[in-house]
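[1] need a structure here:
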Amino acid sequence: MEIIALRGPGTTGKTTTLKIVFEKLKAQGFQKDLEEDLGNGDFLWVLEKGGRKVGLVTQGDYAQREYSVKKHLSKLESAGCDTAICACTTGEGKSGIQRCIDAYAIHDYVDKTQGTGELSFDQANEEDANKMMALFNRKKVLLVLLDEYSDWEGAFLSTALHIGIVPGREVKYKVHVIAPTLNAVRSFGGFRTSPDYSFENMPKEYEALILIGGNRWGSPEAEKVVPLVQKALDSGVLVGAICCGASFLCAHGFLNHVKHTGNGLEELQRWGGERYTNEAGYVNAQAVSDGNVVTANGVAYLEFTREVLLCLEADAVESIETWYDFYKNGFVRPE
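    Numbering: from 1, shown residues only. Modelled structure (predicted):
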């Protein structure tokens with residue numbers, strides 16, 4: 001479960017702000033599925049839309065006891081919530097509340113804005129509610145990592161999506177790592193990465209499934225990715241694959257109806273064997289996008305990133321091309 005917490009001292013308008021968040025969720029089509037009155041104006045609600053459940057709890061004053069944040073979040077998780085939006089009271093003796101939230105692998109905080117002379121109390125609440133909704137509405141991009149993954153192949157893409165192409169612009173996406181289990185995976189370079197999700201509890205809704213290359217794409221654990229790719233393609237979700245990730249797609253017939261590239265035609269023929277029937281669709285290029293499939297060879301991480309960013313419309317085309325040119329050619333240009 002993902003947590004979005006409104007953090008600030010008591011009596012600063014957190015409950016009022018979360019009520020505004022509720023109205024914004026309702027405007028998006030979410031409806032109450034469960035309702036619990038916690039007293040003193042606080043509440044715990046579960047909202048649902050199209051199978052997606054969101055928990056909303058305003059009581060964020062206790063780390064322990066019956067009405068603790070820990071128990072509230074546990075109740076929302078048991079109710080099947082994908083996301084919990086909650087309050088987190090700060091101040092003397094309140095550090096345990098944030099520790100309850102930090103225990104969840106995926107969490108974001110919005111610090112409560114205080115009303116000032118230039119910003120009224122109502123304006124501050126509205127501003128904070130908009131910040132929380134911006135976090136809630138970020139679309140998910142899932143990076144599939146297996147042990148011995150190629151750490152450089154997803155680095156530029158994840159950074160560009162996570163912080164945005166241009167500083168200060170709206171960030172549309174949030175990157176999550178998925179792996180066969182929740183056990184850490186280790187890259188070629190020794191980076192130890194803790195997955196956000198396993199294949200068993202991965203999000204139901206996401207915008208892209210990205211297969212990062214590495215040494216294990218011919219292993220039995222890689223076979224678990226086949227139904228994930230099939231589901232993504234059937235749903236119109238973008239599927240990206242670089243290096244041996246592209247070879248894996250070829251081996252399972254996923255490149256037979258799209259233009260594509262990879263680590264050379266001979267390599268794809270070796271992986272695909274008789275199942276590979278689209279040699280004519282092979283393009284000798286660094287990266288290729290066709291429909292909702294993007295492929296690239298193992299050293300084309302920048303071209304791969306550019307194609308995925310363009311397909312996701314992560315920013316204006318001009319901004320993406322400027323980003324690519326900067327990282328491709330650097331600060332110093334030949335005179």
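
[2] Mark out where each domain of the protein begins and ends.
    Here the domain parsing of the chain from automatic domain parsing is 2-136, 139-329.

[3] Pairing partners for the host helix or strand of L143, with directions?
    According to DSSP states H and E, L143 maps onto strand 139-144. Strands that pair with strand 139-144, judged by DSSP bridges, come out as strand 173-179 (parallel), strand 208-211 (parallel).

[4] Put the alpha carbons of the shortest one into CSV.
    What follows is strand 208-211, C-alpha atoms only, in CSV (Å, rounded to 0.1, in the frame of the first residue of the first chain):
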residue,chain,number,x,y,z
ALA,A,208,4.2,1.4,-18.8
LEU,A,209,6.0,-1.9,-18.1
ILE,A,210,9.7,-1.6,-18.7
LEU,A,211,12.0,-4.6,-19.0
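
[5] Please compute how far stretch 12-23 lies from its chain's middle.
    Centroid displacement of stretch 12-23 relative to its chain, using C-alpha atoms, centre = their mean, to the nearest Å, is 25 Å.

[6] So for it, what gets flagged as buried?
    Buried residues in stretch 12-23, defined by neighbour count with 16 or more other C-beta atoms under 10 Å: T12, G13, K14, T15, T16, T17, L18, K19, I20, V21, F22. The C-beta positions use only the backbone N, C-alpha and C, and glycine is treated the same way.

[7] Secondary structure, distance to C250 and pLDDT added to these, as a markdown table?
    As requested, the buried residues of stretch 12-23 are arranged in a markdown table below (DSSP: H, G, I helix; E, B strand; the rest coil; distance: C-beta to C-beta, whole Å; pLDDT from 0 to 100):
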| residue | secondary structure | distance to C250 | pLDDT |
| --- | --- | --- | --- |
| T12 | coil | 56 | 86 |
| G13 | coil | 55 | 90 |
| K14 | helix | 52 | 92 |
| T15 | helix | 54 | 93 |
| T16 | helix | 55 | 94 |
| T17 | helix | 50 | 95 |
| L18 | helix | 49 | 96 |
| K19 | helix | 52 | 95 |
| I20 | helix | 50 | 96 |
| V21 | helix | 45 | 97 |
| F22 | helix | 47 | 96 |
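
[8] any idea which of those is closest to Y149?
    Taking C-beta to C-beta as the measure, Y149 lies nearest V21 of the buried residues of stretch 12-23, at 36.7 Å.

[9] Quick check: phi and psi on the residue lying closest to the closest one once chain neighbours are set aside?
    Computed as C-beta to C-beta, 6 or more residues apart in numbering, the closest residue to V21 that is not its neighbour in sequence is A129, at 5.0 Å. Here is the backbone geometry of A129 (degrees, to the nearest 10): phi -60, psi -40.

[10] what about A129, distance to K19?
    9 Å (C-beta to C-beta, to the nearest Å).

[11] Output the helix or strand following the strand holding L143 as CSV - backbone C-alpha positions only.
    Downstream of strand 139-144, the next assigned helix or strand under DSSP H and E is helix 155-163. What follows is helix 155-163 as a C-alpha-only set of coordinates in CSV (Å, rounded to 0.1, in the frame of the first residue of the first chain):
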residue,chain,number,x,y,z
ALA,A,155,19.0,5.0,-14.8
PHE,A,156,18.3,7.9,-17.2
LEU,A,157,14.7,6.8,-17.8
SER,A,158,13.8,6.5,-14.1
THR,A,159,15.4,9.8,-13.3
ALA,A,160,13.7,11.7,-16.1
LEU,A,161,10.3,10.3,-15.1
HIS,A,162,10.8,10.7,-11.4
ILE,A,163,11.9,14.3,-11.2
